[in-house]
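**Q** Fold the stuff below for me.
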Amino acid sequence: MAILKIARMGHPVLWQVAARVEDPTDDEVQRLIADMKDTLADAEGVGLAAPQVYVSRAVMMFFVPPSRTTEDEADDGVPLTVLINPEIEPIGDTRVGGWEGCLSIPGLQGYVPRWQRIRYRGVDETGVPIEREAEGFHARVVQHEYDHLMGVLYTERMDDMTQFGFNAELSRHATRDTDDET
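**A** Sure, this is the predicted structure:
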């Protein structure tokens with residue numbers, strides 16, 4: 001396996017809508033997934049989408065650490081999940097703001113409104129269908145990674161650019177309304 005280079009904001013691959021994957025069990029797709037797992041672990045993130053490693057394919061992965069789960073989720077968090085050709089839909093009309101970071105925008109964070117609850121579906125790396133409901137941080141990280149597959153960065157979802165800045169400066173100077181960070 002390999003640790004892949006992560007595309008940064010400004011590279012055109014991050015603006016493209018990712019192509020669907022025809023066969024999740026294809027050797028090339030399996031190699032991509034294995035390399036993405038290594039890259040995510042090395043980068044110490046909670047999510048990664050294929051466009052972030054210069055591959056415009058509808059593959060994303062994420063996990064939710066135990067400390068970030070809601071009351072409705074298991075105490076052990078949400079394990080690493082590979083989601084191929086995902087779809088998401090909001091549940092209800094409630095949107096909540098939260099702080100997000102991104103491996104493609106290193107050292108910066110912004111306050112981003114997201115759907116509080118969603119339903120997502122797709123297939124895993126073996127082609128088995130996945131359908132789940134998520135809320136809180138789980139919903140936020142799924143939406144963030146899904147946006148990468150749609151060619152959208154979190155900065156495009158922000159309502160207030162005064163709540164965008166370098167991590168060090170925000171921690172020293174900004175008043176935070178929430179502690180959500182992806």
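**Q** Taking the centroid of this structure, which residue is nearest it?
**A** Nearest residue to the geometric centre of the chain (CA atoms, centre = their mean): residue 145, 2.7 Å.
**Q** That one contacts residue 49, correct?
**A** Yes: if you go by CB atoms under 8 Å, residue 145 and residue 49 touch, sitting 4.8 Å apart. C-betas here are computed from N, CA, C, even on glycine.
**Q** so what's in contact with these two at the same time?
**A** Counting by CB atoms under 8 Å, 6 or more residues apart in numbering, the common neighbours of residue 145 and residue 49 are 60, 61.
**Q** hmm, back to that, name the SS class of the residue nearest to the centre of the chain, please.
**A** Under DSSP: H, G, I helix; E, B strand; the rest coil, the three-state class of residue 145 is helix.
**Q** the bottom helix or strand of this protein by mean pLDDT?
**A** In the chain, no helix or strand scores lower on mean pLDDT, DSSP states H and E than helix 167-173, which sits at a mean of 89.
**Q** Show me what that one is in contact with.
**A** Against helix 167-173 from outside (CB under 8 Å, 6+ apart): 101, 107, 108, 109, 176.
**Q** want to throw these into CSV with distance to residue 42, pLDDT and secondary structure?
**A** Formatted as CSV, these follow (distance: CB to CB, whole Å; pLDDT from 0 to 100; DSSP: H, G, I helix; E, B strand; the rest coil):
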residue, distance to residue 42, pLDDT, secondary structure
101, 16, 97, strand
107, 17, 97, strand
108, 20, 98, strand
109, 21, 97, strand
176, 28, 52, coil
